[in-house]
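**Q** after the sequence you'll find the predicted model.
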Amino acid sequence: MAELTMGIGMSHGPMVVSEVPTWLKIAELDHDSTLLVDTTGQSVTYEELEQATGNRYAEYAAPERLQSQREQVTASLARLKEDVAAAEIDLFVVIGDDQFELFDFDNTPMLAVYYGAELESCTEGRRGRYGAKVGGLDDVHLGYGMDKRHRWPGHEPFALHMIDSLLERHFDVAAIKGITDATRGGIGHAYGVVEVQLMGERKIPLVPVFVNTYWPPNQMLPARCYELGVAIRELIASYPEDLRVAVVASGGLSHFVTDEDLDMQTLRALRSGDPKALLELPIHLLNSGNSEIRNWMTLATACEGMKLAWDEYVPVYRTGAGTGCGMAFARWGDLPVQQPV
């Protein structure tokens, strides 16, 4: 029987896969962003945010501080990669969200599972290439596996088992077998970041689970994220093949305005081992980038009863107005005991 061996939570924003000069480029993009939501849950312009904060985060956005935080992120990724290698994972199930890479508003399922035997990455979203306004973000594309059309292994038998099991539990799940748009559409950054940053040379089969956290009107509700986590735990245990499975929550925590209060409430709930505590998070704050905390809700529920081995939190302010990302990395489960040679 398959075994849920490891849970992984990891931020996947562009700062995760790039160096500080690119962080400063991304900060320029914040000035025109339409996705800024302040710490009260209100949509704001950059100018409104700047006026409200009085540029109080300027010292946090200094390059030397950002460099120190970049080193924290790099160390956390390296630790996760080492843990994956030590655990001898056979299959990744990645809970992520699509941001106009495979879907668009003409078709945005609340929940979808990719069951193709092969995954194909995209080189740009359906609305263009990331960072075009600041001359491109080539290092970000490389870190996401979006520098070219990569092909990675899926796991069709497990994915079909997942779809069947979710249907039996009354989830209305979309099923995707392949990529039809040869120019743009493909597997996006929420999944490519796992391929590039955690796997190394050994390409482990990956099953993408798409949860619509971002886009009204059919965002998955937190209570349904909890139920999805229960279902994932049960369907892994019922799969007949012996597989060591890692479940990954890709995304989060707060962004595009860093909200340390929301992040710490989330982390306290994760550390408590009680995923229902996450249902107490104010839903009006779980929009825009903050919405990816819903993926962590699903993961924490799937990993209920497992030990949270470690976590790292890096609250980055890339502008004086407070835009940035509360980046977090965590791992559930015990690593195998190494036998002496």
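**A** Structure's in. What do you need? Numbers count the residues shown, from 1 in each chain.
**Q** and the residue positioned nearest the centre of the chain, its phi and psi?
**A** By Cα atoms, centre = their mean, the mean C-alpha position of the chain lies nearest to Ser250, the distance being 1.7 Å. Backbone torsions of Ser250, given as degrees, to the nearest 10, read phi -110, psi 120.
**Q** that one reaches Tyr191, doesn't it?
**A** Yes. Between Ser250 and Tyr191 there is a contact under Cβ atoms under 8 Å: 6.9 Å. Backbone N, C-alpha and C define where each C-beta goes, glycine included.
**Q** now list whatever residues contact both of these two.
**A** By Cβ atoms under 8 Å, 6 or more residues apart in numbering, Ser250 and Tyr191 have these common neighbours: 94, 96.
**Q** any figure for the gap between Gly98 and Ser254?
**A** Residue 98: Asp, not Gly. 20 Å (Cβ to Cβ, to the nearest Å).
**Q** still on that earlier bit, dig out what the residue nearest to the centre of the chain forms beta bridges with.
**A** Ser250 has these beta-bridge partners by DSSP bridges: Met10.
**Q** just the pLDDT for it.
**A** Ser250 carries a pLDDT value of 98.
**Q** spit out the contact partners of it.
**A** By Cβ under 8 Å, 6+ apart, the neighbours of Ser250 are 10, 12, 94-97, 190-191, 193-194, 292, 295.
**Q** with secondary structure added, can I get these in CSV?
**A** Below are these laid out as CSV (DSSP: H, G, I helix; E, B strand; the rest coil):
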residue, secondary structure
Met10, strand
His12, coil
Val94, strand
Ile95, strand
Gly96, strand
Asp97, coil
Ala190, helix
Tyr191, helix
Val193, helix
Val194, helix
Glu292, helix
Asn295, helix
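**Q** from those residues, which is closest to Gly229?
**A** Within these, the smallest distance to Gly229 is 8.6 Å, found for Ile95 (Cβ to Cβ).
**Q** isn't that closest one up against Val247?
**A** Yes. The pair Ile95 and Val247 passes the contact test of Cβ under 8 Å, sitting 6.9 Å apart.
**Q** quickly list what's touching both of the two.
**A** With Cβ under 8 Å, 6+ apart, Ile95 and Val247 have common neighbours 232, 299.
**Q** between those two, which one's more packed in?
**A** Of the pair Ile95 and Val247, Ile95 is the one with more neighbours under other Cβ atoms under 10 Å, namely 30 against 27.
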